[in-house]
Each structure stands twice: as C-alpha cells, then as structure tokens.
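J.: Got a sequence here, can you model it:
(2 chains)
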Amino acid sequence: MSEVKYSKEHEWIKLDGEEATIGITKHATEMLGDIVFAELPEKGSNVDKDGTAGVVESTKAASDVYTPVSGEVIDTNQMIVDDPSKINEDPEESAWFFKLKIKDKSEMDSLMSKEEYEKFAKETSA
Amino acid sequence: MNIKKTSLNNLHIKYGAKLVEFAGYQMPIQYKDGIIQEHKYTRSHSGIFDVSHMGQLFISGGDDLTNDLEKIFPADLKKLKTNQSKYSFLMNNKGGIQDDLIITKTSDGFLIILNAACKYNDYEVIKSKLDNQYKLNLDESLSLIALQGPEAKNVLNKVIPGCDSLKFMNGNNHVYKNEKVYITRSGYTGEDGFEISIKNSDAETFVESLIENGSKLIGLGARDTLRMEAGLCLYGNDLDNDTSPIEANLKWAIPKSRIETEFVGSEVLKNQFQSGVKKLRVGIKPDSKVIARGNTKIYNDKNQEIGKVTSGTFGPSVEHPIAMGYVDNSYSTVNTKIFLEVRGKKIPANICNLPFYKKNYVKGEINV
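T.: As a prediction, the model looks like this:
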C-alpha cells in the first residue's frame, strides 16, 4: 500500500517500498499558472532532502522544485520536459517529476498528510 | 500607501481576475483562462486590456505650445496633423529615457499617454520645463481601454460605428452613450487595435458590450508576452534613465529633421548618431527551451561578459523562448552566437531580428 505525503514547498511524494515518486501539487500549478519549461535532476545523481532538484517556469517566473526526501534519482519523466503543459493538466498523476530510491524512510515523518497539506495550502494562499 | 483601483476593478473581479499591485494600482495579471490562452485569444480574435493606470496628459493653451514641446520631445510636432500620433520619449540631459510615450495632436493641443509608474514624475518634469505657461491636465476622470487583435475593428465597430475608418497611429472623437470618447488606432501587442479614452463612469458598460460582441478581458501577463513577441520595449525593463533611444534601437522614432535641433538630451543623441553607441538592444533567441529572464548575463564564446537580458519569456505564439537585451555593439549583428547564464549554466543563443512575431498593423498614409 502506497503512502502519499506533501511538503511545504508544494511537492507531493508517493512511497512504494523504497521507491518514491515526486511531483508538484495541483495547488502549486494553480499558483504558477501556465507552465512552459521543466528541468529535472540527472538520472543516477543523489539529491538531499530540501535541496533543489529541478526547475519549473511559467510564462511569469521560474521556481525551484525541491526534493522532500534524500535519495538517488532512478527515473525522470521526459514527457513533462517535452510538453510542460502536461504539468498543468495532470500534476498529481502522469506529470510526475522524478523517482528516487529513498535513503531514509524516517524523512517521510515530518511531511504532511493530504488533510494537513490542504489546510496549509489554504492558509498560505489566503 | 493606498492601492488605487481602476474603474474596471469590479469587472476584473467578476471575470475571475488574479489581482496584483502594479505601479500603485490593483491590476489583473490574468483571468480564468490563464496567460497562454489569453495571449492566443488576442492573436486569433480580440482582447480587451484595462490600461487605465496609464497617464492621459492633456496640454493646451498658447500659440507657442508646439515649439515649446519640441524643446522637450524629439518628435516632429510641427508636422503632426490633428489626430495624428507619434511614439517619442521624455529624456534627461544625458539622453537617458525617463519615459516612452505616445503624443497625439488634438484640436486644442496635445494628448500624451504616459507609463503608469512614471506619470506623476513626468507631469512635474513637463510642467516645469514648460515654465507653467500652459494648461496641463493629467486626467484621472478618464479610463483607457485597449482593444487588440484581428477582430478588434469588427467588435469595436459594432459598439461605436465608424471607428474602423481610422488609420494606424491616428485618432478621432467618437460618441458612446451620448458622451465623447477619443479613439486612436494603436497598441502594444503587434496586432491591429485601438485605444479608447472614455469617462470612468462609462468604462464598465463599454467593456461589457465589447465582451458581448465576442472579445475577452486579457491581463497584464499576456500583455507582457504579446509585447515581447512584438519586440516592443517595457519601460523599467528595456528602457531606463541610463539608456538612450539610440542604444534602445529606437532610432526610427527620432526624425532626421530633429537631429540638428535642440531638445532635452539632444547633445548626447547627436553624438551617438555620429559616433555610434557602445551597447545596443537586440532580439535574442535561445537554442533550447531554457528561458532567460531579465538580468540574465550574456557572454561571448570567450566567456567574456558582453551584456544582459532585459526581458525574457516563453512566446506562446512563436512557441519558443524569446528575449531581448543589451549587448556590446560588436556582438549586435543578427546570427551572432552568444551565451546566456541561466542557473549557473551557459545556454547557447543567437542574436535575432525583432519582432519575433510579425506585425499586422493597418498602415496609415505616410505623412512625413
């Protein structure tokens, strides 16, 4: 059974065993507007919790994408590089950003549940 | 500081605008459709822009007004016919641009459209340079609505019949709901279009009638991507106090008849006409999908810094990143290979011609 959690930087993370899939939330895409560019980490590279792991750009501005947990990048989603508008269309399913082999599962503990994130997103965007 | 609202504020909210502060005003950055859809709608149909934050400065009184204004602006105002408009500049003594503006000759003087962030300062500068001799009215009882796009003339003609006979960069008085409106054929998108100066109290119903006839409200976000594709400058980004019209590649806006005459900044411009300039505004097209925003540093192939980007975005109609900026003049030739430093990486790009998107204006008669 997979577990989905959320970060304060508006990433979602889905954990299946040791494999974590990471993307940005629907709320994040609504704040960003039309996404026109995505840059992803390199396969095989290591990323550290809360470190920069990519970039998204809307017509208005560039924003860093952070990784909510540490690990080794085992896959990236070329689809969103080729067509960044997919991120606006389906941010929490097919338009995931990268997959990690997670280093320390306890890093998941400090992240928010869906309910907690929704409350957080509502409060911070008000 | 109090944030001002335009007469269309309620309408912006009604149509789902995301509001931001811009130049002291609460303005719509986008509506529900988002920047890309709004941009494309303007190019394919027509878009309505609330530009009421911009200054509408009316100057009148006195036979010497044209002469005195020519001492300020490098435009050929003597040759301007009534209702004809010219793009010009308010400069400082160093030839730097304090504002870029449109001057239109009216029946009793001139109307100058000023950038929102500059208008109060412009007013003071112009007033003092005119020695308080004339009547100046920065009229805030008027709204300014731009209607842009290939369908603009059909939409506007349904609401205000007869306006489609206007030529590009010309204006005229029309009537809407028994009130006078002043319409010019001009714009900031690279499309055919109009700017309508209308009483604040009539602005909302006027815009609703444009919407009923098939147009849509467009936010400042798409206004920015549209003007960048059209290669047009945004004051504060691409033009500033330290940049002259020659450096900004806007030499075309200084008529030859004025080069030898005196106006604020004329010494510097004359020199630059004769000896050239060190830096020049150019169009920039990155090779890849990477977007270079304002302040991105520009390098040559020897890793020497040669300039910086002043505006950059993704162009929704050209479907590619676009930018403009200033480079050392020796690198300003089209197809010169340059490198843009984005997030620590050097991204290859080329100097290219402006505009990125080909203009579609209705040409007027050449009156020069």
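
J.: And residue A:118, how close does it get to residue A:112?
T.: Distance of residue A:118 to residue A:112, given as C-beta to C-beta, to the nearest Å: 9 Å. Glycine gets a C-beta too; all of them are placed from N, C-alpha and C.

J.: Out of these two, name the residue with the larger neighbour count.
T.: residue A:112 (17 against 14; other C-beta atoms under 10 Å in any protein chain shown).

J.: wait, isn't that one in contact with residue A:120?
T.: Yes - the criterion here is C-beta atoms under 8 Å, and residue A:112 meets it with residue A:120 at 6.2 Å.

J.: How about the longest helix along chain A, which residues are buried there?
T.: Scanning chain A for the helix with the most residues, using DSSP state H, yields helix A:114-125. Going by neighbour count (16 or more other C-beta atoms under 10 Å in any protein chain shown), the buried part of helix A:114-125 is A:117, A:120-121.

J.: Repeat that for stretch B:143-163.
T.: B:143-149, B:151-153, B:155-156, B:159-160, B:163.

J.: For these, work out which two are farthest apart.
T.: Within the buried residues of stretch B:143-163, B:143 and B:151 form the most distant pair, 21.5 Å apart (C-beta to C-beta).

J.: Name the residue closest to the centre of chain A, please.
T.: Chain A has residue A:23 as the residue nearest its centroid, 2.7 Å off, counting by C-alpha atoms, centre = their mean.

J.: name the element that residue belongs to?
T.: Remark: residue A:23 resides in strand A:19-24, with elements defined by DSSP states H and E.

J.: So what's the model's average confidence on that strand?
T.: What strand A:19-24 shows for mean pLDDT is 97.

J.: Are there helices or strands packed against it, and which ones?
T.: strand A:11-16, strand A:98-102 (3 or more C-beta pairs under 8 Å, 6 or more residues apart in numbering or on different chains; DSSP states H and E).

J.: closest one to residue B:98 among these?
T.: Taking C-beta to C-beta, strand A:11-16 is the member of those nearest to residue B:98, at 44.7 Å.

J.: Quickly run through the sheet partners of the closest one, with directions.
T.: strand A:3-6 (antiparallel), strand A:19-24 (antiparallel) (DSSP bridges).

J.: out of these, deepest packed?
T.: Most buried of the strands paired with strand A:11-16, by mean neighbour count (mean count of other C-beta atoms under 10 Å in any protein chain shown): strand A:19-24, with a mean of 24.

J.: and the angle from that strand to strand A:98-102?
T.: 140 degrees (axes from the mean of the first three to the mean of the last three C-alpha atoms, to 10 degrees).

J.: Now for residue A:112 and residue A:120: what residues contact both?
T.: A:6, A:8 (C-beta atoms under 8 Å, 6 or more residues apart in numbering or on different chains).

J.: where along the stretch 251-368 of chain B do the helices fall?
T.: Remark: helices assigned in the stretch 251-368 of chain B by DSSP state H, counting those that start in this stretch are B:256-259, B:266-275.

J.: ignore the last one, the stretch 51-200 of chain B
T.: So, for the stretch 51-200 of chain B - with DSSP H, counting those that start in this stretch - the helices run B:65-70, B:119-129, B:152-159, B:200-212.

J.: Quickly find the element holding the residue in chain A positioned nearest to chain B.
T.: Among the residues of chain A, residue A:36 lies closest to chain B, at 3.7 Å counting by C-beta to the nearest C-beta. According to DSSP H and E, residue A:36 maps onto strand A:35-39.

J.: contact partners of that strand?
T.: With C-beta under 8 Å, 6+ apart, strand A:35-39 has contacts from A:29, A:54-59, A:62, A:80-81, A:84-85, A:87-88, A:97, B:36, B:289-291, B:314, B:321, B:343.

J.: mind showing which ranges of chain B have poor pLDDT?
T.: B:1, B:359-368 (pLDDT under 70).

J.: Can you name the residues of it sitting close to chain A?
T.: B:29-30, B:34-37, B:39, B:221, B:225, B:289-291, B:293, B:313-314, B:316, B:321, B:343 (C-beta under 8 Å from any C-beta of the partner chain).

J.: now with 10 Å?
T.: Contacts of chain B with chain A, taken as C-beta under 10 Å from any C-beta of the partner chain, map to B:18, B:20, B:29-30, B:33-39, B:220-222, B:224-225, B:288-291, B:293, B:313-316, B:319-321, B:342-343, B:345.

J.: Surely residue B:204 touches residue B:14?
T.: Yes - under the criterion of C-beta atoms under 10 Å, residue B:204 makes contact with residue B:14 at 9.5 Å.

J.: Now do the shared contacts for those two.
T.: residue B:8 (C-beta atoms under 10 Å, 6 or more residues apart in numbering or on different chains).

J.: Any stretches of chain A with poor pLDDT?
T.: Looking at chain A by pLDDT under 70, you get A:1, A:126.

J.: Flag every residue of it that's near chain B.
T.: A:30-31, A:33-39, A:52, A:55, A:57-62, A:64, A:81-82, A:84-85, A:88.

J.: switch the cut-off to 8 Å
T.: For chain A, the contact set with chain B under C-beta under 8 Å from any C-beta comprises A:33-34, A:36-37, A:39, A:55, A:57-62, A:81, A:85.

J.: Taking these, please make a ChimeraX selection of just the buried ones.
T.: This is how ChimeraX selects the buried members of those, with burial counted by 16+ other C-beta under 10 Å:
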select /A:33,34,36,37,39,55,57,58,59,60,62,81
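
J.: Any chance of the residues of chain A next to chain B in CSV with secondary structure as columns?
T.: Formatted as CSV, those follow (DSSP: H, G, I helix; E, B strand; the rest coil):
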residue, secondary structure
A:33, coil
A:34, coil
A:36, strand
A:37, strand
A:39, strand
A:55, strand
A:57, strand
A:58, strand
A:59, coil
A:60, coil
A:61, coil
A:62, strand
A:81, helix
A:85, helix
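
J.: Show me which pair in the residues of chain A next to chain B is furthest apart.
T.: Within the residues of chain A next to chain B, A:60 and A:81 form the most distant pair, 19.7 Å apart (C-beta to C-beta).

J.: My guess is residue B:24 contacts residue B:115. True?
T.: No - applying C-beta under 8 Å as the test, residue B:24 and residue B:115 come out as separate, 11.8 Å apart.

J.: Look at those two and report which has more neighbours.
T.: residue B:115 (22 against 15).

J.: Let me see the contact set for the nearest residue to that one once chain neighbours are set aside.
T.: Of all residues not flanking residue B:115 in the chain, residue B:235 sits nearest, at 4.7 Å (C-beta to C-beta, 6 or more residues apart in numbering or on different chains). The neighbourhood of residue B:235, defined by C-beta under 8 Å, 6+ apart, consists of B:97, B:99-100, B:115, B:117-118.

J.: quick one: residue A:65 is in a helix?
T.: No - secondary structure of residue A:65, determined by three-state DSSP: strand, with no helix assignment.

J.: Wait, it touches residue A:57, no?
T.: No - judged on C-beta under 8 Å, residue A:65 makes no contact with residue A:57 at a distance of 10.7 Å.

J.: what's the distance between the closest residue in space to residue B:355 that isn't next to it in sequence and residue B:356?
T.: Leaving out its chain neighbours, the residue that sits closest to residue B:355 by C-beta to C-beta, 6+ apart is residue B:231, at 3.4 Å. Between residue B:231 and residue B:356 the computed distance is 6 Å (C-beta to C-beta).
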